[in-house]
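Sequence first, predicted model second:
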Amino acid sequence: MPIKNRLAEMHEEITGWRRDIHRHPEILYDTHRTSALVAERLKEFGCDEVVTGIGRTGVVGVIRGKTDTQGRVIGLRADMDALPMQEQTGLDYASETAGAMHACGHDGHTAMVLGAAKYLSETRNFDGTAIVIFQPAEEGGNGAEAMCKDGLMDRFGIQEVYAMHNVPGLATGQFAIRSGPLLAAADEFDLYVEGRGGHAAKPQETVDTTVMLSQLIVALQTIVSRNADPTLQAVLSVTSVETSSKAFNVIPQSARVRGTVRTHSNDMRDLIEQRLKEVCAGIAETFGGTVNVTYTRGVPVTINAEEQTGYAAEAAISVGGSCDEAPMVMGGEDFSFMLEERPGAFIILGNGDSAGLHHPEYNFNDEIIPMGCSWFAEMVERRMPAA
């Protein structure tokens, strides 16, 4: 059957939760209201255990099936945090917090896992234990890593873990997934360039940081175009340049260059970091200045396990009738930290013709709530069928 009848009946109720969360967005780990709301709902549903404070403000609910002869434990994850941006939707439930907005649909993800939790708590039609995971700080705070460091997987005995993300531009309610790398590792670099400043009319007396900057930016682009295997995807983007002087007649003493690197394999990630440092050293030696490099590794590659991807696709087909092959994309997702600890899969669900993610006019499509809830519930019932 496409959508579980009970979840279809709950559509309006779950939509109400989603819009309440949308109206009160919270950023990074400051999800105190949202976390409290989630914990309260899980207790109302009759979850066997509700634990708060995992990964600072994360919430975990434990739902045991009618039987547990298999001893299997499946985790379902949702992200709760919003983005630091101003909403421009004009909705009657628009953000009431200045400078904060649910522009990535985490309000919808949280509501859908809550809906699945209520259904599973009512029915208990599975043999094993379902763990519902609500994490903070997906948007740049590595909340998934924080929950894992707090012992999430071992404490609750999680054996497999699954998550979902909505995608604007994909048909409403259409599922898509792929095995292997799906989302990229997301790293940052911060380069501090030091020369010898002076009068622009006397360049011979200076070590010109603007020339060093120009050569550095061009040379960095050759890492992907000349050093990386062209059959593999990688992105290196310089996104910010600042100098210590704004005057037209001063050669600046120092400058700063920042940017991001996106890769789909650990080998490519290592290669780009190594070559970036080598290029910076070479430019510094050539022009007689210095380039200090700070390279920060962010979220790892999101890699779907082959077997679990198959299970996720089967559940999607059961709920929605089909499941497309998802493309590899260069965005990052901190669910990758959980996938490094346990096999699992990350699936996408079409949000329809909406504004893009992280856009001030974006809004989660409430039409897809029953499908998302049903997929989460189906994963539990399919992987842990009732004895």
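That came in fine, so what should we check first?

Outline the domain layout of the protein.
Following automatic domain parsing, one gets these domains for the chain: 5-182+302-383, 185-297.

Next, format those domains as CSV and append mean pLDDT.
Listed next are those as CSV, based on pLDDT from 0 to 100:
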stretch, mean pLDDT
domain 5-182+302-383, 98
domain 185-297, 97
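
could those domains be laid out in a markdown table, adding mean neighbour count?
Every residue, glycine included, has its C-beta placed from N, CA and C. Converted to a markdown table, those look like this (neighbours: other C-beta atoms under 10 Å):
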| stretch | mean neighbour count |
| --- | --- |
| domain 5-182+302-383 | 21 |
| domain 185-297 | 17 |
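
so who does residue 101 touch?
25, 82-83, 85-87, 95, 360 (C-beta atoms under 8 Å, 6 or more residues apart in numbering).

So for it, what's the nearest residue that isn't a sequence neighbour?
residue 87 (4.0 Å; C-beta to C-beta, 6 or more residues apart in numbering).

before we move on, what about residue 232?
Closest to residue 232 by C-beta to C-beta, 6+ apart is residue 268, at 5.7 Å.

Give me the three-state assignment for the residue positioned nearest the centre of the chain.
Nearest residue to the geometric centre of the chain (C-alpha atoms, centre = their mean): residue 333, 2.6 Å. What DSSP: H, G, I helix; E, B strand; the rest coil gives for residue 333 is coil.

can you check residue 262 too?
Secondary structure of residue 262, per three-state DSSP, is strand.

surely it meets residue 183?
No: applying C-beta atoms under 8 Å as the test, residue 262 and residue 183 come out as separate, 9.1 Å apart.

Which neighbours do these two have in common?
With C-beta under 8 Å, 6+ apart, residue 262 and residue 183 have common neighbours 330-332.

Show me which of the residues you listed is closest to residue 20.
residue 331 (27.3 Å; C-beta to C-beta).

For residue 182, see how far away that closest one is.
Using C-beta to C-beta, to the nearest Å, residue 331 is found at 10 Å from residue 182.

Which residue ranges of the stretch 201-350 of the chain form strands?
With DSSP state E, counting those that start in this stretch, the ranges of strands along the stretch 201-350 of the chain come out as 234-243, 250-251, 254-263, 290-297, 302-304, 323-325, 344-352.

same check, this time on the stretch 51-200 of the chain
58-64, 73-79, 129-135, 160-168, 175-177, 180-183, 185-194, 198-199.

closest to residue 383 out of the ones you listed?
Distance to residue 383, taken as C-beta to C-beta, is lowest for strand 73-79 among the strands of the stretch 51-200 of the chain, at 5.3 Å.

check contacts around the residue lying closest to residue 108 once chain neighbours are set aside.
What sits nearest to residue 108 in space, not counting adjacent residues and going by C-beta to C-beta, 6+ apart, is residue 364, at 3.6 Å. Going by C-beta under 8 Å, 6+ apart, residue 364 touches 18, 22, 102, 105, 107-108, 166, 351.

Out of the residues you listed, which is nearest to residue 59?
residue 107 (15.0 Å).

measure that closest one to residue 18 for me?
Taking C-beta to C-beta, one finds residue 107 at 5 Å from residue 18.

Same question for residue 130.
Using C-beta to C-beta, we find residue 130 at a distance of 21 Å from residue 18.

Before I go, just wanted to say thanks for your time.
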